[in-house]
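K.L.:
Quick one, structure for this:
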Amino acid sequence: MRTLICILTLWTVAASAASGNSSQVKLKDGRVLKNPFIISRNPSGINVGHDSGVIFIKFAEMKPEIARKYGYNPQKAKAYEKDIEVKQRQRKAEKARRAEQKAEPETIYLDSLDWNSKEPSQLVLMREKVKQLRQQIARLENEKNKLAYTTVSNPRAPSGGYYYTYRGGYYRPAKKNTYTKQQSKNFFDKRRAAKEIDYEIRKARKRLNRVRNDIKRFYARSGKLKNPRY
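P.N.:
Numbers count the residues shown, from 1 in each chain. Purely as a prediction, here's the structure:
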């Protein structure tokens, strides 16, 4: 996509798409965009549609007069692109985390264990399950700590931040709402993720306690050892 954008006569595409005066725009490599038109716009640029698809054009790569026509603001564009970059990193990290979870050994299931069996093979499986659950809990707690480190408090209006609105014949003070919707959304998304991790930790700990108790019962039935530590 980057290569394609670089070979475009960017400001010509944007101007033609906006005005509708041209039914096609010729690119530097000889290709032609037929019937260009504006699909959408964001602080960073515009999506231009044509008969063969869609192309994104950054305002920074247009002529200044064309970019200003669409309300281009370098500061807002930079903030928007940074926000997109952060979200992409978060999606990538989440994808990696899920892949890691999927790659974990799934050969031992609690429901498949014979809790009444005295066979040594069952004890080996239960010990291995204890090991897996401990690793899972450690990984989840590490994720929770990382999340807590990057989460900031939900921003509030500063003290003394007042403006006045007319209500019922006189002016009443009202606090200024200084935090943005995006900041608030980011806070609540992370808090929800932390709650989900807490739930998984509690579930893993319950399973771990169950396996530990059954190992103790196994030893009690076999008479080999009392109250083993697992």
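K.L.:
what helices or strands is the helix or strand encompassing residue 132 leaning on?
P.N.:
If you go by DSSP states H and E, residue 132 is part of helix 120-150. Helix 120-150 makes packing contacts with helix 181-222 when contacts are defined by 3 or more Cβ pairs under 8 Å, 6 or more residues apart in numbering; DSSP states H and E. (Each C-beta comes from the backbone N, C-alpha and C, glycine too.)
K.L.:
Give the other helices and strands that the helix it packs on contacts.
P.N.:
So helix 181-222, by 3+ Cβ pairs under 8 Å, 6+ apart, packs with helix 120-150.
K.L.:
Helix 181-222 and the helix it packs on, what's the angle between them?
P.N.:
160 degrees (axes from the mean of the first three to the mean of the last three Cα atoms, to 10 degrees).
K.L.:
Quick check: buried residues in helix 120-150?
P.N.:
122-123, 125-126, 129-130, 132-133, 136-137, 139-140, 143-144 (16 or more other Cβ atoms under 10 Å).
K.L.:
For the protein, give me the ranges with low pLDDT.
P.N.:
1-22, 25-31, 100-123, 147-188, 219, 221-230 (pLDDT under 70).
K.L.:
So it: which segments form each domain?
P.N.:
Domain segmentation of the chain under automatic domain parsing yields 2-72, 74-102, 104-154+178-230.
K.L.:
closest to residue 69 among the buried residues of helix 120-150?
P.N.:
Nearest to residue 69 among the buried residues of helix 120-150 is residue 143, at 46.2 Å by Cβ to Cβ.
K.L.:
ok, the closest one - contacts?
P.N.:
97, 197 (Cβ atoms under 8 Å, 6 or more residues apart in numbering).
K.L.:
10 Å instead, please
P.N.:
The contact partners of residue 143, by Cβ atoms under 10 Å, 6 or more residues apart in numbering, come to 93, 97, 193-194, 197, 200-201.
K.L.:
Of those residues, which is the most crowded?
P.N.:
Counting by other Cβ atoms under 10 Å, residue 197 has the largest number of neighbours within those, with 20 neighbours.
K.L.:
That one and residue 142, how far apart?
P.N.:
Note on residue 197: its distance to residue 142, by Cβ to Cβ, to the nearest Å, is 10 Å.
K.L.:
go on, residue 206?
P.N.:
Distance from residue 206 to residue 142, by Cβ to Cβ: 20 Å.
K.L.:
what does residue 63 give?
P.N.:
From residue 63 across to residue 142, the span is 50 Å (Cβ to Cβ).
K.L.:
quick one, what contacts the spatially closest residue to residue 140 that is not a sequence neighbour?
P.N.:
What sits nearest to residue 140 in space, not counting adjacent residues and going by Cβ to Cβ, 6 or more residues apart in numbering, is residue 201, at 4.8 Å. By Cβ under 10 Å, 6+ apart, the contact list for residue 201 reads 136-141, 143-144.
K.L.:
tally of neighbours for residue 48?
P.N.:
Residue 48, neighbours per other Cβ under 10 Å, totals 24.
K.L.:
Wait, it touches residue 34, no?
P.N.:
No. Between residue 48 and residue 34 there is no contact under Cβ atoms under 10 Å: 11.8 Å.
K.L.:
Buried residues, stretch 79-96. List them.
P.N.:
In stretch 79-96, counting by 16+ other Cβ under 10 Å, buried: residue 81.
K.L.:
and if you look at stretch 206-214?
P.N.:
In terms of neighbour count (16+ other Cβ under 10 Å), stretch 206-214 has its buried residues at 207-208, 211-212, 214.
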